[in-house]
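**Student:** Structural data only, the sequence is not supplied:
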């Protein structure tokens with residue numbers, strides 16, 4: 001019985017063991033398969049690692065650049081083979097063990113550059129991006145231009161593992177760029193030198209033709225001489241375009257952002273365009289958005305240059321119909337707006353295939369049709385560059401035979417949000433408005449210092465309505481004498497005076513008793529952008545531009561006269577009646593050998609600077625004639641005394657603009673700049689023309705009076 005029980009028990013145990021053996025065999029098979037898979041995976045990983053190492057080694061071996069991998073302590077991990085050609089005292093094993101990157105690059109770049117590089121590495125490790133930058137290293141007389149790139153490396157846990165540093169040899173590219181710049185500079189120098197060389201014979205041509213016009217009584221000779229002079233003036237205009245373009249090309253043309261009055265700027269543009277139109281049966285139309293702010297921040301000189309260039313181009317190619325200047329406005333916020341300019345004409349138009357060449361330098365399209373039109377082909381090229389400098393883009397559209405439209409938009413900053421309103425009315429106010437004194441200041445005293453009698457009379461005439469006691473001085477020395485005898489609330493000091501200029505006179509007055517606290521205002525005809533800061537740096541409290549405008553004078557007086565002595569008047573401004581225009585515009589063109597009177601005298605401009613008072617304007621015209629001194633200018637020119645010549649033409653510039661002789665004033669301004677720079681070639685080329693125009697204006701006034 002017991003034996004049967006034992007046998008059963010053994011069978012059960014045997015079955016259990018059999019099942020366990022099967023399970024173990026099954027587990028063993030699973031383990032074998034898993035082991036095989038592990039072996040395959042390891043082999044794949046090994047092959048991949050081997051491949052990656054191969055490619056990494058190939059990258060480091062074949063890279064033309066210096067590659068350096070560092071850890072987060074700026075110790076080297078790997079480098080490219082190129083690095084080892086620069087640092088032959090290192091081998092790869094040393095690099096793998098770790099070398100401070102400072103030591104690794106010592107001698108490859110200079111010490112100062114190395115210190116800057118290490119600072120950038122620390123910044124990169126901190127998480128800030130470093131833009132690639134350029135350095136130049138010199139070793140044994142050989143230079144290398146390196147572009148350095150520094151990037152962080154992150155591990156699988158997104159922690160900083162080190163830096164990837166690359167040095168790219170940019171020497172050939174930098175040399176090519178420098179050669180291109182040198183070639184561009186050589187081109188600009190050539191253009192300038194060529195222009196100056198042309199001016200020398202042009203001076204003889206212009207001067208001799210002027211002598212013929214002045215001395216000859218032979219009508220044919222005078223006719224031929226007039227044609228020669230006209231052609232020489234055209235050539236000089238071309239030369240000036242070339243010089244302007246070369247200045248832009250060489251990067252010397254700067255845009256200066258300062259507040260300017262929109263109405264005044266547009267008035268100047270319209271005046272110049274009307275002069276160019278002359279007797280052409282072409283209407284100048286204006287479409288100015290009345291919402292445009294009255295004052296914007298920008299470069300007024302360059303903005304006017306662009307508008308005058310494009311409008312002049314439209315006038316040149318339009319024989320009948322109209323030229324339209326449209327200025328549109330779109331507000332953005334309280335400080336910014338978009339101004340869009342469109343200049344449309346009904347001229348000859350441009351062929352579609354020529355539109356892509358219209359802004360090319362020295363190019364005039366459709367030359368067969370336009371062969372009689374003078375010009376360099378630079379005006380539009382210059383205009384586009386200037387628009388780009390101001391942040392815009394000049395475009396053109398045209399229908400051949402019907403007309404052309406030039407357009408550009410630019411973002412502008414607002415200085416005064418007051419809308420300009422009706423631009424025609426505003427420009428008329430600018431031209432003819434007359435100021436009555438807005439206040440009186442009896443008991444105050446002012447000293448006006450100017451070497452030109454006409455300027456003294458203008459200043460005195462403008463100050464008299466205020467009840468101010470005015471003392472006049474014709475030189476810096478006279479000013480010092482007057483200042484030693486009397487106390488003045490304000491001293492108006494002309495900047496450009498012979499013997500002792502305004503700056504020296506101001507400095508000497510400052511050292512006199514009471515001089516340190518006296519308000520001294522600079523009087524200058526050089527009121528360019530940035531003038532205020534320049535004169536204040538010299539020691540003046542402020543400056544006043546010549547010709548003096550009544551609102552500017554009143555602003556200065558209000559600002560600096562004792563407030564307790566200022567008594568407000570009932571009204572501040574009254575417009576001059578149009579009937580007060582003097583008779584100078586009524587002279588027939590035939591009386592002056594075909595000259596357009598407005599090309600000599602613009603009475604509206606003159607009235608503006610004479611407070612709209614025609615009697616005062618007449619007095620200033622007579623004073624201009626009596627003060628004209630051609631012999632002095634000729635003597636200074638013959639003596640090559642450019643310092644005194646500069647002062648003399650400065651005076652011509654100022655008093656010409658005062659009476660509305662805008663063109664003469666602009667020419668004198670150019671001669672003043674040339675004298676200041678010692679540009680004798682320009683003076684030689686233009687002196688005879690300046691004298692001729694000066695004489696014409698003087699004779700015109702004398703004959704008309």
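**Tutor:** Arrived safely. None of the values given here were measured: they were computed from a predicted structure.
**Student:** drop to CA atoms for contacts and neighbour counts, all remaining ones
**Tutor:** Noted.
**Student:** Tell me, please, where in the stretch 451-600 of the chain the pLDDT is lower than the cut-off.
**Tutor:** Counting by pLDDT under 70, the stretch 451-600 of the chain shows low-confidence ranges at 525-532, 547, 569-599.
**Student:** can you pull the pLDDT of residue 16?
**Tutor:** Residue 16 carries a pLDDT value of 78.
**Student:** Could you pull out the helices in the stretch 51-200 of the chain for me?
**Tutor:** Here the stretch 51-200 of the chain has its helices, by DSSP state H, counting those that start in this stretch, at 81-86, 92-97, 101-105, 111-125, 171-215.
**Student:** which one of the ones you listed has the lowest average pLDDT?
**Tutor:** Among the helices of the stretch 51-200 of the chain, helix 171-215 carries the lowest mean pLDDT (a mean of 68).
**Student:** Check the secondary structure at residue 343 for me.
**Tutor:** Under the three-state scheme (DSSP: H, G, I helix; E, B strand; the rest coil), residue 343 adopts strand.
**Student:** Apart from its chain neighbours, what residue comes closest to it?
**Tutor:** Residue nearest to residue 343 in three dimensions, not counting chain neighbours: residue 325, with 4.8 Å by Cα to Cα, 6 or more residues apart in numbering.
**Student:** Quick one: neighbours of the one you found, just the number.
**Tutor:** Counted by other Cα atoms under 10 Å, the residues lying close to residue 325 total 22.
**Student:** who does it bridge with?
**Tutor:** residue 286, residue 343 (DSSP bridges).
**Student:** mind listing what it touches?
**Tutor:** By Cα atoms under 8 Å, 6 or more residues apart in numbering, the contact list for residue 325 reads 284-288, 311, 341-344.
**Student:** and what of residue 326?
**Tutor:** 286-289, 341-343.
**Student:** And for residue 340?
**Tutor:** Residue 340 is in contact with 327-329, 407-410, counting by Cα under 8 Å, 6+ apart.
**Student:** swap the cut-off to 10 Å and go again
**Tutor:** By Cα atoms under 10 Å, 6 or more residues apart in numbering, the contact set of residue 340 is 326-330, 392, 407-411.
**Student:** now do residue 137
**Tutor:** Here residue 137 is in contact with 107-111, 113, 143-146 (Cα under 10 Å, 6+ apart).
**Student:** Let me know the closest of the residues you listed to residue 701.
**Tutor:** residue 145 (66.4 Å; Cα to Cα).
**Student:** For that closest one, name its beta-bridge partners.
**Tutor:** Under the criterion used (DSSP bridges), residue 145 bridges to residue 136.
**Student:** What separation is there between it and residue 658?
**Tutor:** As judged by Cα to Cα, to the nearest Å, residue 145 and residue 658 stand 57 Å apart.
**Student:** more crowded one of those two?
**Tutor:** residue 658 (29 against 19).
**Student:** Can you tell me the SS state at that one?
**Tutor:** helix.
**Student:** Do I have it right that it meets residue 619?
**Tutor:** No: the criterion here is Cα atoms under 10 Å, and residue 658 misses it with residue 619 at 11.6 Å.
**Student:** Overlap of the contact sets of these two?
**Tutor:** 454, 458, 610.
**Student:** Buried only: go through these for me.
**Tutor:** 454, 458, 610 (16 or more other Cα atoms under 10 Å).
**Student:** now the residues you listed in JSON lines, with secondary structure and distance to residue 466?
**Tutor:** Below are those laid out as JSON lines (DSSP: H, G, I helix; E, B strand; the rest coil; distance: Cα to Cα, whole Å):
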{"residue": "454", "secondary structure": "helix", "distance to residue 466": "20"}
{"residue": "458", "secondary structure": "helix", "distance to residue 466": "14"}
{"residue": "610", "secondary structure": "coil", "distance to residue 466": "15"}
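**Student:** which of those residues lies closest to residue 542?
**Tutor:** The closest of those, once distances to residue 542 are taken by Cα to Cα, is residue 458, at 19.3 Å.
**Student:** for the closest one, what are its contacts?
**Tutor:** So residue 458 contacts 547-548, 609-611, 616-617, 619-620, 655, 658 (Cα under 10 Å, 6+ apart).
**Student:** Most neighbours among those, which one?
**Tutor:** Most neighbours among those, by other Cα under 10 Å: residue 610, with 31 neighbours.
**Student:** so how far is residue 461 from the closest residue to it other than its chain neighbours?
**Tutor:** Computed as Cα to Cα, 6+ apart, the closest residue to residue 610 that is not its neighbour in sequence is residue 617, at 5.6 Å. From residue 617 across to residue 461, the span is 11 Å (Cα to Cα).
**Student:** For the stretch 501-650 of the chain, just list every one of the strands.
**Tutor:** All strands of the stretch 501-650 of the chain, identified by DSSP state E, counting those that start in this stretch, fall at 519-524, 542-545, 567-568, 573-575.
**Student:** right, so of those, which gets closest to residue 306?
**Tutor:** Nearest of those (Cα to Cα): strand 542-545, 23.8 Å.
**Student:** pretty sure residue 347 is in a helix, no?
**Tutor:** No: Residue 347: not assigned to a helix; according to three-state DSSP it is coil.
**Student:** In contact with it, which residues are there?
**Tutor:** The contact partners of residue 347, by Cα under 10 Å, 6+ apart, come to 282, 314-323, 398-405.
**Student:** where does it fall, phi/psi-wise?
**Tutor:** Dihedral angles of residue 347 (phi, psi; degrees, to the nearest 10) stand at phi -80, psi -160.
**Student:** Can you tell me the closest non-neighbouring residue to it?
**Tutor:** Going by Cα to Cα, 6+ apart, residue 347 has residue 318 as its nearest residue, at 3.8 Å.
**Student:** Helix, strand or coil: sort out that neighbour for me.
**Tutor:** Per three-state DSSP, residue 318 ends up coil.
**Student:** thinking again about what came up before, hang on, the residue nearest to residue 610 packs against residue 602?
**Tutor:** No: the pair residue 617 / residue 602 is not scored as a contact, 11.9 Å apart, by Cα under 10 Å.
**Student:** okay, and the common contacts of these two?
**Tutor:** 659-660.
**Student:** ok, residue 548 touching residue 659?
**Tutor:** No: contact between residue 548 and residue 659 fails when scored by Cα under 10 Å: they sit 11.6 Å apart.
**Student:** Leaving out chain neighbours, which residue sits closest to residue 332?
**Tutor:** Residue 332's closest residue in space is residue 338 (Cα to Cα, 6+ apart), at 7.2 Å.
**Student:** Now stretch 89-101: buried residues?
**Tutor:** Buried residues in stretch 89-101, defined by neighbour count with 16+ other Cα under 10 Å: 95, 98-99, 101.
**Student:** I'd guess residue 296 is in a strand, am I close?
**Tutor:** Yes: counting by three-state DSSP, residue 296 falls inside a strand.
**Student:** SS state for residue 284?
**Tutor:** Residue 284 is classified as strand under three-state DSSP.
**Student:** which residues does residue 406 bridge with?
**Tutor:** Bridge pairing for residue 406 - DSSP bridges - gives residue 343, residue 396.
**Student:** per-residue pLDDT, the residue nearest to residue 343?
**Tutor:** 93.
**Student:** Roughly how far does it sit from residue 403?
**Tutor:** For residue 325 relative to residue 403 (Cα to Cα), the value is 14 Å.
**Student:** just residue 99 next, same as before
**Tutor:** 73 Å.
**Student:** Could you do residue 677 as well?
**Tutor:** For residue 677 relative to residue 403 (Cα to Cα), the value is 42 Å.
**Student:** out of these two, which sits in the busier spot?
**Tutor:** residue 403 (21 against 11).
**Student:** That one against residue 348, yeah?
**Tutor:** Yes: judged on Cα under 10 Å, residue 403 makes contact with residue 348 at a distance of 5.6 Å.
**Student:** which regions of the stretch 151-300 of the chain sit below the pLDDT cut-off?
**Tutor:** 187-189, 191-211, 213-216, 222-223, 226-227, 229-254, 275.
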